[in-house]
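In: build me a structure from this.
(chains A and B)
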2 protein chains.
Amino acid sequence: MSSPDPPFRTISIIGLGLIGGSIALAVRERWPSTRITGVDRKAVLAHALGGGAIDRSADSAADAADADLIVLAAPVRQNLKLLAEITQRLPAAAIVTDVGSTKRGIVDAAAALACPSFVGGHPIGGAEQGGFGFARPDLFNHRPWIFTPAPSTAPALVDRLFEFAHGVGARPSTMDPTEHDRVMAFLSHLPQLTASALMDVIGSSAGGGALRLAGRGLVDTTRLASSPAETWRDVCATNADAVAEALDQLIARLSELRADLRGGEAVSRVFAEAAKWRAELMSGRD
Amino acid sequence: MSSPDPPFRTISIIGLGLIGGSIALAVRERWPSTRITGVDRKAVLAHALGGGAIDRSADSAADAADADLIVLAAPVRQNLKLLAEITQRLPAAAIVTDVGSTKRGIVDAAAALACPSFVGGHPIGGAEQGGFGFARPDLFNHRPWIFTPAPSTAPALVDRLFEFAHGVGARPSTMDPTEHDRVMAFLSHLPQLTASALMDVIGSSAGGGALRLAGRGLVDTTRLASSPAETWRDVCATNADAVAEALDQLIARLSELRADLRGGEAVSRVFAEAAKWRAELMSGRD
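Out: As a prediction, this is how the structure comes out:
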């Protein structure tokens, strides 16, 4: 692959988990000349430096603010604090983005901090397990990357972030932050909470010994149930109203099924609708 | 592989869907000399005969009852009727089993019919899609196959069914039918209903256009949502009390999460438990 001029000569990534680490690896592969600074715990930094994923480490986000692009890739509520810490130290031409799963909170925080350099972002990659050890350069390949600019955001900032996202293989688009959070409450946060609740209920009721009798269906349905609590506490706290609405709808649907187990009309209706939506979900996927 | 003496020289399979079809293919591979008779719709029979999965077709279960082993592999409530149709026509040495997902109903029916040849069975294979077109000879490989003999069942019948299940690669065991149905309500029926309800809620609330923004998590969590309604109407109807209990527990857990989205203590607790059970579910899997 050719190495075109990089959209950013220097990038700081605050948080080298699955997403932050994968951004480092993808940038390294696509634009080898870009200098990458990482901020994380010492053990993670040693791993990332040792493998060549980053060029240097910094002790804090404030120390890493002097870059063309700063990516906040810590859990959502930590990103809110990090944004406050770096806002006063940004170079004039810097762009700041984040990769959090909820967008209203940080977009509002950027407005309150009067930080015009910030554009919220959400790359939809994801994998079964988090952490730098699972990072990979192709995590974003053919996957959506949603940006949530404010009405006051300079269009040039969004253009450069689109160029960046395209460069690492993603499909960038823009969305209103409130609409983003509502849609993601259904598409992402509800399935995650459901998978974890389901695994907890099944384990505690059926017992560990019975799990060897489970079929592939349970394995698939609970694949998300290894997800880290800390990440999801932040997502739930910063999107509580939308997640509550999504949970209410699922609880209502499960209650409809429960009320008609012997009759079966609710089962027939829900299964027919589900099969239709499942086919739509899978159509056009790679 | 050698071809040892088959445990059954003639086998009739009533219903050539994913499970019945896979049994035919597995028997064909393991014991080529065993003669297989199939009963199903004409198009399915033509497919199975054309590919050599069965040796001959019969028009009804009653016409196929003259075999060493009769496998009832239709939806659960059809199996109840089929058992009644064949009971009076069975050869003295025949064994009848079924492959349904619930066991109390058919074990009770066999008792009511005074059919000592019947032993309930449940091979736990499963695949994303049903039907003969997805059948495969290795579906049961390394997978559990649970039998639910009655106290009055002759041990020799169970021994021969164990030999049969071992021969097609499965790991046979026995279980009380009531315990089976309770455990499967959690391990199998609850995940299925949850996946379908989740897909229905997400599709109808987020809308078809938004589904392109879904990550891999939703794809995994709703993999079961293509399952056929007819099969699951029967499962729910014949295991309503146990499925209701499982649904109640999931609804309660989702309600706990909903009540504490901002605080996050319920999220932390449920995620920690779920990650522990998920690790246990995956330990020792092939």
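In: quick one: the helices in the stretch 151-286 of chain A?
Out: A:155-167, A:177-184, A:190-206, A:216-221, A:229-238, A:240-259, A:265-282 (DSSP state H, counting those that start in this stretch).
In: tell me the most buried of those?
Out: Mean neighbour count (mean count of other CB atoms under 10 Å in any protein chain shown) peaks for helix A:190-206 among these, with a mean of 26. Where C-beta positions appear, they are placed from N, C-alpha and C, glycine not excepted.
In: elements contacting it?
Out: In this structure, helix A:190-206 packs against helix A:216-221, helix A:229-238, helix A:240-259, helix B:190-206, helix B:216-221, helix B:240-259, helix B:265-282, with contacts taken as 3 or more CB pairs under 8 Å, 6 or more residues apart in numbering or on different chains; DSSP states H and E.
In: closest to A:P116 out of those helices?
Out: The closest of the helices and strands packed on helix A:190-206 to A:P116 is helix A:229-238. By CB to CB, the value is 22.0 Å.
In: and the residue in the stretch 101-250 of chain A that chain B sits nearest to, what does it touch?
Out: Chain B sits closest to A:G203 of the stretch 101-250 of chain A, with a gap of 2.9 Å, by CB to the nearest CB. Neighbour list for A:G203: A:211, B:273-274, B:276-277, B:280-281 [criterion: CB atoms under 8 Å, 6 or more residues apart in numbering or on different chains].
In: quick revisit: need the helices of the stretch 151-286 of chain A in a markdown table with distance to B:V158 and mean pLDDT, can you?
Out: As requested, those are exported to a markdown table (distance: least, CB to CB, whole Å; pLDDT from 0 to 100):
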| stretch | distance to B:V158 | mean pLDDT |
| --- | --- | --- |
| helix A:155-167 | 61 | 97 |
| helix A:177-184 | 52 | 97 |
| helix A:190-206 | 24 | 97 |
| helix A:216-221 | 26 | 92 |
| helix A:229-238 | 45 | 94 |
| helix A:240-259 | 35 | 98 |
| helix A:265-282 | 33 | 96 |
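In: do you know which of these lies nearest B:D59?
Out: helix A:265-282 (28.7 Å).
In: is the closest one in proximity to chain B?
Out: Yes. Helix A:265-282 lies within reach of chain B by CB under 8 Å from any CB of the partner chain, at A:267-268, A:270-282.
In: residues in contact with that helix?
Out: With CB under 8 Å, 6+ apart as the test, helix A:265-282 has contacts from A:253, A:256-257, A:259-261, B:193, B:195-200, B:202-204, B:208, B:211, B:214, B:218-219, B:222, B:225-229, B:232-233, B:236.
In: got the CA coordinates for that helix in CSV?
Out: Taking Å, rounded to 0.1, in the frame of the first residue of the first chain, the C-alpha atoms of helix A:265-282 are listed here in CSV:
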residue,chain,number,x,y,z
GLU,A,265,-49.8,-16.4,19.3
ALA,A,266,-47.3,-14.0,20.9
VAL,A,267,-44.6,-16.5,20.2
SER,A,268,-45.6,-16.7,16.5
ARG,A,269,-45.8,-12.9,16.1
VAL,A,270,-42.5,-12.1,17.8
PHE,A,271,-40.6,-14.9,16.0
ALA,A,272,-42.0,-13.8,12.6
GLU,A,273,-41.0,-10.2,13.2
ALA,A,274,-37.6,-11.2,14.6
ALA,A,275,-36.8,-13.4,11.6
LYS,A,276,-37.6,-10.5,9.3
TRP,A,277,-35.4,-8.1,11.2
ARG,A,278,-32.6,-10.6,11.5
ALA,A,279,-32.6,-11.1,7.7
GLU,A,280,-32.4,-7.3,7.3
LEU,A,281,-29.6,-7.1,9.9
MET,A,282,-27.6,-9.6,7.9
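In: which element is A:G120 on?
Out: In this assignment (DSSP states H and E), A:G120 forms part of strand A:118-123.
In: what residues does that strand touch?
Out: By CB under 8 Å, 6+ apart, strand A:118-123 touches A:19, A:23, A:83, A:95-101, A:103, A:106-107, A:110, A:139-140, A:143-149, A:153, A:157-158, A:161, A:165, A:170, A:177, A:180, A:184.
In: can you list the contacts of A:G203 in CSV and add distance to A:V71?
Out: Conversion of those to CSV gives the following (distance: CB to CB, whole Å):
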residue, distance to A:V71
A:L211, 39
B:E273, 33
B:A274, 29
B:K276, 32
B:W277, 34
B:E280, 36
B:L281, 34
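In: can you give me the first-to-last residue distance of stretch A:92-100?
Out: 24 Å (CA to CA, to the nearest Å).
In: how close does the residue of the stretch 101-250 of chain A closest to chain B sit to B:S196?
Out: Separation of A:G203 from B:S196 (CB to CB, to the nearest Å): 21 Å.
In: same question, A:R104
Out: 31 Å.
In: also A:R89?
Out: Applying CB to CB to A:R89 and B:S196 gives a distance of 51 Å.
In: to B:F8, which of the helices and strands packed on helix A:190-206 lies closest?
Out: That would be helix A:216-221 among the helices and strands packed on helix A:190-206, by CB to CB, at 27.6 Å.
In: quick one: distance of the closest one to the chain centre.
Out: Centroid displacement of helix A:216-221 relative to its chain, using CA atoms, centre = their mean, to the nearest Å, is 23 Å.
In: just the element for the spatially most central residue of chain A, please.
Out: Taking CA atoms, centre = their mean, the centroid of chain A lies closest to A:S101, which sits 4.4 Å from it. Using DSSP H and E, no element contains A:S101; it sits outside every helix and strand.
In: and A:A46, how many neighbours does it have?
Out: By the criterion of other CB atoms under 10 Å in any protein chain shown, A:A46 has 12 neighbours.
In: helix, strand or coil for it?
Out: helix (DSSP: H, G, I helix; E, B strand; the rest coil).
In: pull up the gap between it and chain B, please.
Out: Distance of A:A46 to chain B, computed by CB to the nearest CB, to the nearest Å: 26 Å.
In: likewise for A:T10?
Out: 29 Å.
In: and that residue, what is it in contact with?
Out: So A:T10 contacts A:34-37, A:66-69 (CB under 8 Å, 6+ apart).
In: would you check which pair of the residues you listed lies furthest apart?
Out: A:T34 and A:D66 (14.6 Å).
In: between these two, which has more neighbouring residues?
Out: A:T34 (20 against 16).
In: I'd say that one and A:I13 touch.
Out: No. The pair A:T34 / A:I13 is not scored as a contact, 11.2 Å apart, by CB atoms under 8 Å.
In: list residues touching both of those two?
Out: Counting by CB under 8 Å, 6+ apart, nothing touches both A:T34 and A:I13.
In: show me what from the stretch 51-200 of chain A comes close to chain B.
Out: Residues of the stretch 51-200 of chain A found near chain B (CB under 8 Å from any CB) are A:124-127, A:143-144, A:146, A:183-184, A:186-188, A:190-200.
In: try 6 Å this time
Out: Residues of the stretch 51-200 of chain A lying close to chain B (CB under 6 Å from any CB of the partner chain) are A:124, A:126, A:144, A:183, A:186-187, A:191, A:193-200.
In: wait, which of the residues you listed is closest to A:A48?
Out: A:G126 (20.1 Å).
In: got the phi/psi numbers for the residue lying closest to A:A237 once chain neighbours are set aside?
Out: Sequence neighbours aside, B:R262 is the residue nearest to A:A237 in space, at 5.3 Å (criterion: CB to CB, 6 or more residues apart in numbering or on different chains). With angles defined as degrees, to the nearest 10, B:R262 sits at phi -80, psi -40.
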